[in-house]
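# A structural model of the following input is requested.
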Amino acid sequence: PIESVLDIEDKNQIDKIINKLKKFNLKFYVYSTGSRGFHVHIFFNRELSNEERLSIIKYFGADTQKASDRTMIALEFAPHWKSKKIKELIEYGN
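Model prediction:
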């Protein structure tokens, strides 16, 4: 409930997103999904509503399907259920 996940497919977006997260001094972890995309996990000091999560995701230009608390997100450091590739940490902040 205190986390928002950005699902980023465009490799060129990731540096801009990381810079914004650092500028806002947010706690985050960036993972390579092992496929073409990235997952950026952002943590807050309070629970977020689905509407707040959606606003954050839209602000960063990510996949809005990850706004729901009913969406599936691959586990960190574990094989993806489809690709079997490992979701690996590539950067973190704060």
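
# going forward, measure contacts between C-alpha atoms and count neighbours the same way
Will do.

# where exactly do the strands run in this structure?
Here the chain has its strands, by DSSP state E, at 3-8, 27-32, 38-43, 88-93.

# right, and K27 touches K20 too?
No. Counting by C-alpha atoms under 8 Å, K27 does not reach K20; the two are 11.6 Å apart.

# the more surrounded of the two?
Just comparing K27 and K20: by other C-alpha atoms under 10 Å the higher neighbour count belongs to K27, 16 against 13.

# Name all residues that make contact with that one.
Contacts of K27 were listed using C-alpha atoms under 8 Å, 6 or more residues apart in numbering, and they are L21, I42, F43, F44, Y92, G93, N94.

# Is there a quick PyMOL command that grabs whichever of the residues you listed are buried?
Of the contacts of K27, the buried ones go into a single PyMOL selection, burial set by 16 or more other C-alpha atoms under 10 Å:
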select buried, resi 21+42+43+92
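
# What is the nearest of the contacts of K27 to I73?
Comparing the contacts of K27 against I73 with C-alpha to C-alpha places I42 closest, at 13.5 Å.

# before we move on, back to that, just put the contacts of K27 in TSV and tack on distance to D7 and pLDDT.
Formatted as TSV, those follow (distance: C-alpha to C-alpha, whole Å; pLDDT from 0 to 100):
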residue	distance to D7	pLDDT
L21	15	97
I42	11	97
F43	15	97
F44	17	96
Y92	16	96
G93	17	95
N94	20	87
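
# And the contacts of K27, which is closest to S35?
Nearest to S35 among those, with distances taken as C-alpha to C-alpha, is Y92, at 19.4 Å.

# Tell me who's in contact with the closest residue to the closest one other than its chain neighbours.
Counting by C-alpha to C-alpha, 6 or more residues apart in numbering, Y29 is the residue found nearest to Y92 once chain neighbours are left out, at 4.3 Å. The contact partners of Y29, taken as C-alpha under 8 Å, 6+ apart, are V40, H41, I42, L89, I90, E91, Y92, G93.

# How about the contacts made by the residue nearest the centre of the chain?
The centroid of the chain falls nearest to V40 when counting by C-alpha atoms, centre = their mean (2.4 Å). V40 makes contact with V5, L6, D7, I8, F28, Y29, V30, Y31 under the criterion C-alpha under 8 Å, 6+ apart.

# Many thanks, I have nothing further to ask.
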